[in-house]
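S.K.: what follows is a protein structure lacking sequence information:
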């Protein structure tokens, strides 16, 4: 049998233990608490304005920023038979090569597979059915590079740039460029100008009779005007009033804005001065498809404008 004195001591000890456990616990010194390392910042896509053509021409030719577009509505007249008999000169070899725009550092270092995140990283990842996270991995670079090699895009360094994405959009549009129904279907010919995808084609009813082909529309401040237009003048051997340079196979549809060929790359990060620029062969074919008074429908917005 426990004595009263022992029992009292046990009760006192229990009360002391309870009161101690109820006291607030002082935090450990800051120096004793492990601090996890800060996560590394994610690499941001390289802005298009900072990209340069990935191939340097030999001999060196400066990159032409502006294009020989017509600034104001042209003087309309009927060309003579002699004038129309002259075919515009051909383009130089390689004028329309698919040359990707890449970071300058990659060009200087001549990298085989870039670590840089392209401005179209997510779109390219989605198109190639890769993990869409907007981050460049070794696997991403390998897959993008394989596509570039197959499509003859140079330099094939796996950079998700504007030219690679333009090529993917053209491939996707080949079967049915108007799958989204953005260009109105009419019983007559309609020249469709998709600014968002930088593609153009001609349809009559639901049948595509030309294209789709890549194009270059107006830059910021000189956007190609959206809405309905009409081809009001065609001039095979037109010359720009802005640059005094040839604008072969010009077909004007809105003031000084026209479909026409250029003799340099249309795959640039900078747009035209409002016209719809085409490769020479495409402009020549379009010349044989469209006629005066044919309708033109423009919609969307060029990336970066």
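M.R.: Looks like it arrived, so ask away. Since the structure is predicted, the reported quantities are computational estimates derived from the model, not experimental observations. Residues are numbered from 1 along each chain as shown.
S.K.: show me where pLDDT drops low in the chain?
M.R.: Scanning the chain for pLDDT under 70 picks out 1-41, 56-66.
S.K.: walk me through the domains of it.
M.R.: 97-170, 177-305 (automatic domain parsing).
S.K.: for the most centrally placed residue in the chain, give me phi and psi.
M.R.: Closest to where the C-alpha atoms of the chain average out (C-alpha atoms, centre = their mean) is residue 162, at 3.9 Å. Main-chain dihedrals, residue 162, degrees, to the nearest 10: phi -60, psi -30.
S.K.: so what's it up against?
M.R.: Counting by C-beta atoms under 8 Å, 6 or more residues apart in numbering, residue 162 touches 48, 51, 100-101, 119-120, 267, 269, 303. For glycine as for every other residue, the C-beta is placed from the backbone atoms N, C-alpha and C.
S.K.: could the residues you listed go into TSV alongside secondary structure and distance to residue 148?
M.R.: As requested, the contacts of residue 162 are exported to TSV (DSSP: H, G, I helix; E, B strand; the rest coil; distance: C-beta to C-beta, whole Å):
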residue	secondary structure	distance to residue 148
48	helix	17
51	strand	15
100	coil	7
101	strand	13
119	coil	16
120	coil	13
267	coil	13
269	coil	17
303	coil	19
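S.K.: check the residues you listed and tell me the two furthest apart.
M.R.: 100 and 303 (15.2 Å; C-beta to C-beta).
S.K.: who has more neighbours out of those two?
M.R.: residue 100 (27 against 17; other C-beta atoms under 10 Å).
S.K.: my guess is residue 48 contacts residue 120, does it?
M.R.: No: using C-beta atoms under 8 Å, residue 48 is not in contact with residue 120, being 9.1 Å away.
S.K.: that older thread, possible to save the contacts of residue 162 as JSON lines with distance to residue 77?
M.R.: Output for the contacts of residue 162, formatted as JSON lines (distance: C-beta to C-beta, whole Å):
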{"residue": "48", "distance to residue 77": "40"}
{"residue": "51", "distance to residue 77": "42"}
{"residue": "100", "distance to residue 77": "42"}
{"residue": "101", "distance to residue 77": "40"}
{"residue": "119", "distance to residue 77": "44"}
{"residue": "120", "distance to residue 77": "44"}
{"residue": "267", "distance to residue 77": "34"}
{"residue": "269", "distance to residue 77": "36"}
{"residue": "303", "distance to residue 77": "37"}
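S.K.: ranges for the strands of this protein?
M.R.: Under the criterion DSSP state E, strands of the chain are mapped to 51-53, 101-103, 189-194, 199-204, 207-214, 227-230, 233-239, 246-254, 257-261, 276-278, 295-299.
S.K.: thinking again about what came up before, out of residue 48 and residue 120, which sits in the more crowded spot?
M.R.: A side-by-side neighbour count of residue 48 and residue 120, using other C-beta under 10 Å, places residue 120 first with 23 against 17.
S.K.: the more buried one and residue 165: what is the separation?
M.R.: 4 Å (C-beta to C-beta, to the nearest Å).
S.K.: wouldn't residue 232 be in contact with residue 294 here?
M.R.: No: look at residue 232 against residue 294 with C-beta under 8 Å: they stay out of range, at 9.9 Å.
S.K.: give me the more crowded residue out of the two.
M.R.: residue 294 (20 against 17).
S.K.: could you verify my assumption that that one touches residue 233?
M.R.: No: using C-beta under 8 Å, residue 294 is not in contact with residue 233; the gap is 11.9 Å.
S.K.: tell me the contacts of residue 103?
M.R.: With C-beta under 8 Å, 6+ apart, residue 103 has these contacts: 46, 50-52, 114, 116, 159.
S.K.: one more pass at 6 Å, please.
M.R.: Shown in contact with residue 103 (C-beta atoms under 6 Å, 6 or more residues apart in numbering): 46, 116.
S.K.: sorry, back to before: return the distance of the residue nearest to the centre of the chain relative to residue 286.
M.R.: Counting by C-beta to C-beta, the gap from residue 162 to residue 286 is 23 Å.
S.K.: out of the domains of the chain, the one nearest residue 67 is which?
M.R.: domain 177-305 (4.7 Å).
S.K.: gap between residue 273 and residue 193?
M.R.: For residue 273 relative to residue 193 (C-beta to C-beta), the value is 16 Å.
S.K.: those two - which one has more neighbours?
M.R.: residue 193 (25 against 21).
S.K.: so the nearest residue to that one once chain neighbours are set aside bridges to which residues?
M.R.: Nearest non-adjacent residue to residue 193, counting by C-beta to C-beta, 6 or more residues apart in numbering: residue 298, 4.2 Å away. Assessed by DSSP bridges, residue 298 has beta-bridge partners residue 193, residue 227.
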